[in-house]
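# Sequence plus predicted model, see below.
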Amino acid sequence: MLHYRTEGYNGYAVKYSPFYDSRIACVASANFGLVGNGRLYILSLTAAGIVAEKWFDTQDSLYDVAFSELHENQLAVASGDGSIKLFDTTLTELPVASWQEHTREVFSVNWNLVDKSTFCSASWDGSVKIWSPQSQRSLQTLPTTSCTYSALFSPHTPHLLSAVSSDSTLRLFDLRAPPPQPATLVPISPTAPAEVLTHDWNKYRPDVLATAGVDKVIRTWDLRNPARPVLELVGHEYAVRRLAWSPHWGDVLASASYDMTVRVWSDGTGSSLAAPGVGAAAVGNGRMLGVMDRHTEFCAGVDWCLFGGEGWAASTGWDESVWVWDVGGIMGSR
Amino acid sequence: MSASARLSQITNQLTPSSLSARDKLTEKHPDDVVITCALRTALTKGGRGGFKDTPAQDLLAGVLRGLIERSGIDPSVVEDIHVGTVLAPGGGATEFRAASLVAGFPVETAVYSLNRQCSSGLQACINIANAIKAGMIDVGVGAGVESMSTQYGPQAVTEFSELLDSHEQAKNCKVSMGLLSEQMAKDRKVPRAAQDAFAASSFQKAEAAQAAGLFDDEIYPLEVNFEDPKSGEITRITVAKDDGIRPGMTAESLGKIRPAFAKDGSIHAGNASQISDGAAAVLMMRRSTAEKLGQPIIGKYVAAAIAGVEPLLMGIGPWAAIPKVFGKTGITKDDVDIFEINEAFASQCLWCLGELGLDPKKVNPKGGAIAFGHPLGCTGARQVSTLLNELRRTGGRIGVTSMCIGTGMGAAAVWVAE
C-alpha cells in the first residue's frame, strides 16, 4: 500500500487519470469541508511512492473531481460555494474556467465517457447541470427538487443521465427528450426512505447500477425491472459515501463509508460464483470480498485504476490520507 | 452555505435511522429468508392415537408430499431438506432420504437428519435459513418428525461410560426429565395448583381452537394404517385432527390426578406434555427467489439463539434463550405479538413466563404440548405453522418460538408474519 498525507485537508474524492497510469487527483477540504479552503492535489505514483506534482488552492471546500475525457491535463472540481472550476495541470494557481450557477454546494462532477465533450454536476440546490468547457453557461439544467449528492452520465449511452438525492430517489433523465423531466423515478427504499449519497453504473452491463447512502445498504438495480433492487449488500456500519464498480470485473464494486472502511463486494454474477440451482449467478448471492481498514476517519472517496494490473484502487478520507492499494491483497484469491 | 448548515447536513447522514427495532424487523429485503408454506400432520396420542402404527418415515413422507402439494413448488428447485428427529436409530438418516424420494423429491434434493433433542425441528429450520443466508442453497425445507409410539424407549439413549458417570455435571445429563422437573418445580416453588391451572388453560385454548377449526389450515391429513387394539383388524383411516386434546379439562379435574414421579410431587400426566406422533415441514427460500418462483410469502425468519443452562434445570432454557435472541434483534417482549413456547411441563413453562414477565395472553394462544402433544423432533417445526397461522389470523406481525432442551439448553427464534 502507498500512502500520501493531505496535511491539513480532509479528503473528499479521489480519481485516477484516464490518460496517465501514474496520475491521481484528490480533492480535500480544510476543517472537514465545513468551513475554509479546498485543495486539488495532482499526485504522481513514482518508484519513491506518491509525490504531489502540484496542488491548486480554492476559496471554498472541494467535494468532487472529474478528469476531462478530452484533454489529458484538465479536470473539473465541485466546490462548496456553488462553483465549478476547470484546472489545467500545466498551469499554476488559477483555474482556466469557472462557472457559478448552482446556489448551494456542488457535491459531484462527472465527465461524459461516451460523448466526452460534456460533464455534469449535482448540487444541494436540487438541480443537476450539464456543462461544456467551451460554453460559459450551463447547457441544461435538470430539476431534481431535492438535495442531490451524485449525478452521472451512463458510461454506455451519452444521452442517459442519472442522479440520486436526499429524497431517497434515483432519477433517470433521457437528455434527448425535452422538457427536462426525469424519464424514470426509482424509489430506493420506499418503506424506510433514507438519503441516497452515491451511485455508480456498472461498466459491463448497461442496465445495472448500484446505489447507497444513509441506510448503509448497497443496492444493485437492473433498470429493466426497477420495481425492486436485484440485491442488497449489508455490512457497512455507517452511511456509504461512495460506490465504484470495477473497470476490470463486471461483478465487483468498492464502497467507501463513514464507518472508516472501504469494502469490496461481488454481486454474485461473476462466473467464479456460478452454482447450479435456482437463481444461481443471478440473484441474491452477493457477498463481501474484503475490507480495507487503513483509514482512521470517515472514508469519502474510492476509485479504481483503469490501467495495468487489475484491481488497484485509491481511497481518501477525513484522516488526511490517500491510500493506493492492491484490492487483490484484501480480497484473497480470486 | 454556512458551516452550520453543512454540519447539520452531514450530521443527518450519520444519524441512525429513526425506525424502531420492530419496524426494522418487518422491513422487506430481497435477501430475507422467507417461508412460503408451513404445515404439519395432526399430532396424535402415543400408543393409542391415529398414528400409533405409522412409522416416522411415513409421517415424514406424508408431510413432505403435503408441502409440495400445498405450496405448488417444483420439487426440483429444493436443494436440501433438514429433518430434526430425536429417537430414530442412526438419526433417521437412511429412511428420511428414502422418504423424500417417496414424497416426490428428485434424487438431486439432498436430505440431512439432525438431533438437538426437543429443538430438533427448530434447529432444522434454523439450519436451512443459515444455509440460504450463507448462499449454500436457495430453497430448502426445515422439517421435524417423531414417532414416539414406535421409537420411544430406553434404546434411544446410549449407556453412559464410566468417564461420564464420574463427572458430576455430566452425569446430570441423564437424569430423567420427569425427576429433574419435579425437583425444579420444588426448588423454584411452582405450586401444583398453578401448574394445573396453566395446563387446564392449555387444554381449554386448544379445545376452543380445534372447535373453531383454527388448526385446519396447518394440518395436512394423512391416510394411514390403523390396527384396532381389540380386534387386531387393520383399517385405513384418515387422520386430520389432533386427538390428544381432551375436552372439558379444568384445574379441578386435573387436580385429582396422582403425581407421576414422586408421592408428594406436583407433576402428572395432565400437566406435562403428551407423548405423541407427528411431523411438520417448513418451506424456506430467499425472498428474491420466492418472488421469482411466484411463491406466496407467509412469513420470514429473522434470527435464532441457542443457550446452555444447568442440566438439572433444563426447563429454564427458554428463559436463557429468549433474551439472547432479543439481544440479536433489538426487540423487547412488548414488540412480540405471539410467543409459542413449548409446554414440556407446565412447571417449567410457567416459571419461564413469570421470570420473563410475559403476558400470558400472548403465550400459546391455541394451547400447547400439554393439550395436543410434543412429538420431540417435530415440535420446533410444528410451532412455525401454528405461529404464522395465528399471527395472520389475528393481524399480528412478530412471533417467537422457543423451547427447553433436555441436557440443559434452550432455543429461541424470531419470525415475522407477512
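Nice, I can see it. Please read all numbers here as calculations on a predicted model, not as lab measurements.
# Tell me, what's the model's pLDDT at the residue nearest to B:Ile219 when sequence neighbours are not counted?
Excluding the flanking residues, the one nearest B:Ile219 by CB to CB, 6 or more residues apart in numbering or on different chains is B:Ala42, at 5.3 Å. Every residue, glycine included, has its C-beta placed from N, CA and C. pLDDT, B:Ala42: 98.
# Check the contact between B:Ala42 and B:Val224; I expect there is one.
No: the criterion here is CB atoms under 8 Å, and B:Ala42 misses it with B:Val224 at 10.3 Å.
# Number of residues surrounding residue 250?
No chain specified, so I'll use chain A. 18 (other CB atoms under 10 Å in any protein chain shown).
# I was thinking of chain B, sorry if that wasn't clear
Residues near B:Thr250, counting by other CB under 10 Å: 14.
# Next: B:Ser2.
B:Ser2 has 9 neighbouring residues, counting by other CB under 10 Å.
# residues contacting the closest residue to chain A within chain B?
Taking CB to the nearest CB, chain A has its nearest neighbour within chain B at B:Ala3, 3.8 Å off. Neighbouring residues of B:Ala3 by CB atoms under 8 Å, 6 or more residues apart in numbering or on different chains: A:Asn31, A:Leu34, A:Val35.
# sec struct for the first one, please.
A:Asn31 carries the three-state label helix when classified by DSSP: H, G, I helix; E, B strand; the rest coil.
# now the helices for chain A?
Assigned helices in chain A, in chain order: A:327-331 (criterion: DSSP state H).
# Would you agree the residue nearest to B:Ile219 falls within a strand?
No: counting by three-state DSSP, B:Ala42 is not part of a strand but coil.
# which ones are touching it?
Contacts of B:Ala42 were listed using CB under 8 Å, 6+ apart, and they are B:Gly50, B:Phe51, B:Ile219, B:Pro221, B:Leu222, B:Val239, B:Ala240, B:Lys241, B:Asp242, B:Asp243, B:Gly278.
# can we see that at 10 Å?
Going by CB atoms under 10 Å, 6 or more residues apart in numbering or on different chains, B:Ala42 touches B:49-51, B:215, B:218-222, B:238-244, B:276-279, B:372-373.
# So which of those belong to strands?
Mapping the contacts of B:Ala42 onto strands (DSSP state E) picks out B:Leu222, B:Thr238, B:Val239, B:Ser276, B:Asp277, B:Gly278, B:Ala279.
# Return the members of those residues classed as buried.
Among these, those classed as buried by 16 or more other CB atoms under 10 Å in any protein chain shown are B:Leu222, B:Val239, B:Ser276, B:Asp277, B:Gly278, B:Ala279.
# My guess is the fourth one contacts B:Arg40. True?
Put plainly, it is B:Asp277. No: counting by CB atoms under 10 Å, B:Asp277 does not reach B:Arg40; the two are 11.5 Å apart.
# For these two, list the residues in contact with both.
Listed as contacting both B:Asp277 and B:Arg40 by CB under 10 Å, 6+ apart are B:Leu59, B:Val145, B:Pro375, B:Cys378.
# Near chain A, list only the ones from those.
Counting by CB under 10 Å from any CB of the partner chain, nothing from these sits close to chain A.
# From those residues, which land in strands?
Among the shared contacts of B:Asp277 and B:Arg40, DSSP E puts B:Val145 in strands.
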